[in-house]
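Q: Build me a model:
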Amino acid sequence: MFAQETNLGEIIKATGGSVRTGPFGTALAASEYTPDGAPVISVGEVRVGSFRITEETRRVPTSVTRRMPEYLLKAGDIVFGRKGAVDRSALVRESEEGYFLGSDGIRLRLGTGIDAAYVAYWLQTARARGWLIRQSVGTTMLTLTQPVLESLPVRLPDIKMQGAVARLLQEADQLIEAYERAISKKLAIKQGTMQELLVGRSRLPGFAGEWATRRVATFGTFLRGRGIKRDDVRTSGIPCIRYGELYTTYADYTATTVSFVEPSVAATALPIRSGDILFAGSGETKTEIGTSMAFMGDVPTVAGGDIIVLRGSDYDPVYMASLLNTPEFANQKAGGGQGDAVVHINWRVLAGLEVTVPPLSEQYAIAKVLRDADSEIAALTNRLEATRAIKQGMMQELLTGRGRLVPKELVA
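A: Below is the predicted model:
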């Protein structure tokens, strides 16, 4: 079923393909880039199997693409990063035809008699990516050259099998993209819902009571975390939360932790309870300080230093933590930060914040809406990760010829 290994250079020669590096030097002046036009595909836009176009992506107008049509990408082209992330590559889809090859990109265009999608999937395997990294030149930054690219080994079946394998993997990619779109949509809906419900611009059915304005200090007592150095953290033991995790790892609430410490270390830290609200007392930027999170766990857990804890009642923890993370309060907390290299916030700044909140029953109801939305997003995320894992397994099996997921009549 599978032929002997060949390489990209032999495939290019046999199919009438070509390799092109993006424009160099003065061929494209910085002044020619525009806010609109064809996206320029450089190493930053090339992911593993896809392109990432953002607001930072440079673009060129029609005047440039007409002057240099040889750098326009066509459906079926495969683009690599020429510097840095040399192991990343992506197939140009029909909807991406007309993108422009950037100066630090390399375009592979295959000719007739070969399935470009199959080759693109082969290039995403750990084997191919590892080979490109090992063979590319450079110490501080790897550089992918045309001779290295053309010498890349490829294991190639007949054209019928290439198409069958590519179609199966494309179906997996389509399912992955569908899950990603669904997650993005759910996140956008949740964000919009939060902005409306948390501040009372919209009310849930059945609620019409007045909201009260109070200082955060009136909801309870402030405590300070203590202890727990970076070297104290383990992969098992007593659950703990460190201040940096509040703005790098967790969202508005959690019932579990990612870090643990030994009992002797936990004995020196602050025990926290379900319903406590934790704030980051320090951060590298003002946007990080004061990030809040409700701890909802029922297992004994401790908080390390530079964490400020609000312990009280008369509030729903998920509602309150989510409210205090909204842009309005994030800006207020940032305004109370002190320091440059490391920014700190005093508990008195947090205590002095004024919040307008509904009665407890409405807080509970709003929090339930947010938690239900998170549950739906988590379920979709789990399906997405499972599908990604299945695809990786399919690639491992099908691209080596060991798999039997293709029709039996194609297996020779």
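
Q: For the stretch 201-350 of the chain, give me the ranges with low pLDDT.
A: Along the stretch 201-350 of the chain, no part satisfies pLDDT under 70.

Q: All the helices of it, in order from the start?
A: 243-248, 263-266, 317-324, 327-335, 347-351 (DSSP state H, counting those that start in this stretch).

Q: most neighbours per residue, which of those helices?
A: Most buried of the helices of the stretch 201-350 of the chain, by mean neighbour count (mean count of other CB atoms under 10 Å): helix 317-324, with a mean of 25. The C-beta positions use only the backbone N, C-alpha and C, and glycine is treated the same way.

Q: ok so, going back, for the helices of the stretch 201-350 of the chain, give me CSV that also has distance to Arg155.
A: As requested, these are exported to CSV (distance: least, CB to CB, whole Å):
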stretch, distance to Arg155
helix 243-248, 41
helix 263-266, 51
helix 317-324, 51
helix 327-335, 52
helix 347-351, 60
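
Q: Can you check which of these gets nearest to Thr34?
A: helix 327-335 (31.2 Å; CB to CB).

Q: So for the chain, which residue is the most central one in space?
A: Centroid-nearest residue in the chain: Glu180, 10.8 Å away (criterion: CA atoms, centre = their mean).

Q: what bridges to Leu278?
A: In this structure, Leu278 bridges to Met293, Val309 when assessed by DSSP bridges.

Q: Test my guess that Leu73 contacts Val79.
A: Yes. Shown here, Leu73 and Val79 form a contact pair, counting by CB atoms under 8 Å, at 6.7 Å.

Q: So those two - more neighbours on which side?
A: Val79 (28 against 23; other CB atoms under 10 Å).

Q: re earlier: mind checking the helices of the stretch 201-350 of the chain for the one nearest to Gly206?
A: helix 317-324 (16.5 Å).

Q: And the strands in the stretch 51-200 of the chain?
A: 59-60, 78-81, 89-91, 100-101, 105-109, 153-157 (DSSP state E, counting those that start in this stretch).

Q: do you know which of those strands lies nearest Leu380?
A: Short answer: strand 89-91, nearest of those by CB to CB, at 24.0 Å.

Q: which helices and strands does the closest one pack with?
A: strand 78-81, helix 116-123 (3 or more CB pairs under 8 Å, 6 or more residues apart in numbering; DSSP states H and E).

Q: would you list these in TSV and tack on distance to Ser136 and mean pLDDT?
A: Below are those laid out as TSV (distance: least, CB to CB, whole Å; pLDDT from 0 to 100):
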stretch	distance to Ser136	mean pLDDT
strand 78-81	10	96
helix 116-123	14	96
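
Q: Looking at these, which is nearest to Arg226?
A: Set against Arg226 and scored by CB to CB, the helices and strands packed on strand 89-91 come closest in strand 78-81, at 46.0 Å.

Q: Could you list every helix and strand in contact with that closest one?
A: Using 3+ CB pairs under 8 Å, 6+ apart, strand 78-81 sits against strand 89-91, strand 105-109, helix 116-123.

Q: For the ones you listed, could you give me a markdown table that also reports distance to Val148?
A: Below are the helices and strands packed on strand 78-81 laid out as a markdown table (distance: least, CB to CB, whole Å):
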| stretch | distance to Val148 |
| --- | --- |
| strand 89-91 | 13 |
| strand 105-109 | 10 |
| helix 116-123 | 13 |
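
Q: Nearest to Ile11 among the ones you listed would be which one?
A: Comparing those by CB to CB, helix 116-123 comes nearest, at 7.2 Å.

Q: between that closest one and strand 153-157, how many degrees?
A: Angle, helix 116-123 to strand 153-157, by axes from the mean of the first three to the mean of the last three CA atoms, to 10 degrees: 130 degrees.

Q: Can you give the distance of helix 116-123 from its chain's centre?
A: 24 Å (CA atoms, centre = their mean, to the nearest Å).

Q: What of stretch 185-197?
A: Using CA atoms, centre = their mean, the offset of stretch 185-197 from its chain centre is 19 Å.

Q: Report the buried residues of it.
A: Lys186, Lys190, Met194, Leu197 (16 or more other CB atoms under 10 Å).

Q: One more: stretch 130-138?
A: Here stretch 130-138 shows Trp131, Leu132, Gln135, Ser136 as buried, counting by 16+ other CB under 10 Å.

Q: can I get these in JSON lines with distance to Ile277 and pLDDT?
A: What follows is these, written out as JSON lines (distance: CB to CB, whole Å; pLDDT from 0 to 100):
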{"residue": "Trp131", "distance to Ile277": "50", "pLDDT": "95"}
{"residue": "Leu132", "distance to Ile277": "48", "pLDDT": "95"}
{"residue": "Gln135", "distance to Ile277": "53", "pLDDT": "93"}
{"residue": "Ser136", "distance to Ile277": "49", "pLDDT": "91"}
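
Q: Now flag whichever of those residues is closest to Pro157.
A: Distances from Pro157 to the buried residues of stretch 130-138, taken as CB to CB, are shortest for Trp131 (19.2 Å).
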